[in-house]
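Asker: 3D model of this:
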Amino acid sequence: MLNKKSFSVKNVFIYIFLVIGAFISIMPFLWLITTSLKPPGKIFSAPLLVPTHFYYKNYIEAWNSVPFARYIINSTIMSLGIVICQTLFSAMAGYAFAKIKFKFKDALFLIFLITMMIPDSVKMIPNFLTIKNLGWYDTYAALIVPRAASVFAIFLFRQFFLSIPSSIEESARLEGCGLFRLFFQIVLPLSKPVLVTNILFSFLFAWNDFLWPLIITDSQKMRTIQVGLSYFQGRYGVRWELLSAATIFAILPSFIVFIIAQKYFIEGISTSGLKE
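Answerer: Take a look at the predicted model:
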């Protein structure tokens with residue numbers, strides 16, 4: 001009886017701690033939402049988290065202040081291009097490292113993993129010079145191609161493919177199934193959790209990327225939505241209510257994608273990397 005009581009008290013403290021932690025985590029988002037609904041001049045007036053007036057004109061003004069539709073189109077094209085290329089190329093590379101025997105496979109995979117330790121800032125200038133010499137500056141190719149493959153995604157796919165029983169592949173080969181048919185018709189359909197996980201990771205990274213699109217694009221017609229948010233600081237110096245409304249526009253697609261894919265995301269994280 002005593003143990004049950006102490007266990008219940010322990011759970012109460014754990015739940016209280018989790019609730020406090022959750023509130024601290026979501027408080028910036030609550031402040032963002034309430035700020036976007038406050039009229040100009042009332043941003044820092046009390047209460048901070050509960051607006052007394054719902055000023056929806058901030059969203060209309062924020063949308064019309066910059067070419068938001070163009071930014072969203074550019075971010076969508078870039079994100080979808082990165083997701084498709086990165087998923088396809090990384091899945092094929094991960095399958096090769098997991099299931100295909102070739103010379104120096106382990107050493108090559110180790111080199112791949114070592115490249116993850118190189119900061120992106122170190123690779124920024126070589127990538128920029130390569131893109132400029134190819135004549136891709138301020139184009140969709142410049143936004144997509146450098147992110148068309150990911151070492152982390154290759155690692156994620158490799159670890160998942162190691163968990164697929166070899167008997168399935170052997171049975172398919174006995175039926176005359178070739179390598180590409182085996183990969184696209186058998187292996188990939190079995191890999192839905194890791195596919196969705198990688199799609200979610202690559203989409204969120206691409207959609208929220210700021211520095212590379214800022215460096216590699218120059219015209220308004222090629223700017224992405226994250227770069228577009230910076231214009232609110234220079235033009236309005238800083239109109240917090242408009243910047244908050246614009247930020248809501250920017251994070252909404254990421255939020256929707258995560259809600260839709262969270263089931264497979266959790267499953268993919270829990271099943272990848274468990275077998276070596």
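
Asker: Only C-alpha atoms from now on, for both contacts and neighbour counts.
Answerer: Fine.

Asker: Could you pull out the helices in the protein for me?
Answerer: 2-36, 57-65, 68-99, 105-115, 120-133, 140-144, 151-162, 166-174, 179-182, 192-208, 211-216, 225-229, 231-236, 240-271 (DSSP state H).

Asker: okay, and for this structure, where does confidence drop off?
Answerer: With pLDDT under 70 as the threshold, the chain has low-confidence stretches at 1-7, 45-52, 234-237, 263-276.

Asker: In space, not sequence, find me the middle residue of this protein.
Answerer: In the chain, the residue lying closest to the centroid (CA atoms, centre = their mean) is Leu204, at 1.8 Å.

Asker: shouldn't it be in contact with Leu252?
Answerer: No. With contact defined as CA atoms under 8 Å, Leu204 does not count as touching Leu252 (11.4 Å).

Asker: Include distance to Phe44 when you put the helices of the chain into a markdown table, please.
Answerer: As requested, the helices of the chain are arranged in a markdown table below (distance: least, CA to CA, whole Å):
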| stretch | distance to Phe44 |
| --- | --- |
| helix 2-36 | 8 |
| helix 57-65 | 16 |
| helix 68-99 | 26 |
| helix 105-115 | 45 |
| helix 120-133 | 36 |
| helix 140-144 | 38 |
| helix 151-162 | 42 |
| helix 166-174 | 61 |
| helix 179-182 | 60 |
| helix 192-208 | 27 |
| helix 211-216 | 30 |
| helix 225-229 | 21 |
| helix 231-236 | 17 |
| helix 240-271 | 10 |
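
Asker: Nearest to Ile43, out of these?
Answerer: Shortest distance between Ile43 and the helices of the chain, using CA to CA, is found for helix 2-36: 6.0 Å.

Asker: Can you give me the buried ones in that closest one?
Answerer: Neighbour-count burial for helix 2-36, counted by 16 or more other CA atoms under 10 Å, picks out Trp31, Leu32, Ile33, Thr34, Thr35, Ser36.

Asker: which one of those is nearest Pro146?
Answerer: Of those, the one sitting nearest to Pro146 (CA to CA) turns out to be Leu32, at 32.5 Å.

Asker: My read is that that closest one contacts Ser244, right?
Answerer: Yes. Counting by CA under 8 Å, Leu32 does reach Ser244; the two are 5.6 Å apart.
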